[in-house]
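A.B. asks: Quick check, what structure comes out for this input:
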Amino acid sequence: MGNVAVVLDTDAIRLFAQAARSDNPAYRLADRPVVPPTFLPAGGSVAGERVETDHRFFGPPPRAGDQLTAIRAGAPGRPAVAESLTRYFDRTGGLVAESWAAAEAFAVEAVSPQASALLATYATDWLGAEAIRRFRTRSVRPLPPGDVMSCSGQVTQSYVQDGEARVDVSLCGVDAAGTVVVRAWATFAVTGDETPDPR
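C.D. replies: I've put the predicted structure just below:
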């Protein structure tokens, strides 16, 4: 696939945030809203029993109005796994984000990305939409339409990387029966020395 120009649209970001049930002002009220962690797709369509994604931001996430160049590459992967990687570059050619996705190609029942977006909302409401640096997910089963998902998270480590204080968190979303639907591991930039409280 060649280069694709991407202009981040304010309305598209707000609609995505609304679908993910976020009221975060950084998405819904800002003049130039920041993109939610799962907004930039890895490209193509991956569906399967176990869908995994990894969204990385090399600094604060892009904002509405930013013009990016997306370069998508399919990864050969294992025979039963479909993979794709999309890298996003700014006008100067700097890498600002990348999104990777993989799914077991033989799976019968597709896993919706909605559960991952809901867990991302939970995480960014807790630690800040503009502070996200990485959001990696593994969806293990579908969340039926109308089903309720409960989220939890805890800080697993604090450290400094690239001159920025950061925390890693592990997150989990379960359905009404308590069955795990999606797991996530995320990295956030933090201010000061304080470790955020678990949620």
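A.B. asks: Residue 95 reaches residue 71, doesn't it?
C.D. replies: No - applying Cβ atoms under 8 Å as the test, residue 95 and residue 71 come out as separate, 9.8 Å apart. Every residue, glycine included, has its C-beta placed from N, CA and C.
A.B. asks: Spit out the residues that contact those two alike.
C.D. replies: The contact sets of residue 95 and residue 71 overlap at 87, 89 (Cβ atoms under 8 Å, 6 or more residues apart in numbering).
A.B. asks: of those two, who's got more company?
C.D. replies: Neighbour totals were compared for residue 95 and residue 71, and residue 71 leads with 17 against 14 (other Cβ atoms under 10 Å).
A.B. asks: The residue nearest to that one when sequence neighbours are not counted sits in which helix or strand?
C.D. replies: Spatially, and ignoring its direct neighbours in sequence, residue 71 is nearest to residue 87 (5.1 Å; Cβ to Cβ, 6 or more residues apart in numbering). Here residue 87 sits within strand 81-89, counting by DSSP states H and E.
A.B. asks: Send me that strand as CSV with only the CA atoms.
C.D. replies: Extracted in CSV, the C-alpha atoms of strand 81-89 (Å, rounded to 0.1, in the frame of the first residue of the first chain):
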residue,chain,number,x,y,z
VAL,A,81,-3.0,-15.0,11.9
ALA,A,82,-3.9,-11.8,9.9
GLU,A,83,-1.7,-8.8,10.8
SER,A,84,-1.4,-5.2,9.7
LEU,A,85,0.7,-2.2,10.8
THR,A,86,0.0,1.4,9.9
ARG,A,87,2.5,4.2,10.7
TYR,A,88,1.4,7.8,10.9
PHE,A,89,3.9,10.6,10.0
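A.B. asks: Which residues belonging to the helix or strand that it is followed by are considered buried?
C.D. replies: Using DSSP H and E, the next helix or strand after strand 81-89 towards the C-terminus is strand 95-104. For strand 95-104, the neighbour count (16 or more other Cβ atoms under 10 Å) marks 96-104 as buried.
A.B. asks: so strand 95-104 versus strand 81-89, what angle?
C.D. replies: Between strand 95-104 and strand 81-89, the angle comes out at 170 degrees (axes from the mean of the first three to the mean of the last three Cα atoms, to 10 degrees).
A.B. asks: Can you name every helix or strand that strand 95-104 contacts?
C.D. replies: Where contact means 3 or more Cβ pairs under 8 Å, 6 or more residues apart in numbering; DSSP states H and E, strand 95-104 is packed against strand 51-57, strand 67-75, strand 81-89.
A.B. asks: Relative to residue 123, which of those is closest?
C.D. replies: For those, the distance to residue 123 is smallest for strand 51-57, at 11.5 Å, taking Cβ to Cβ.
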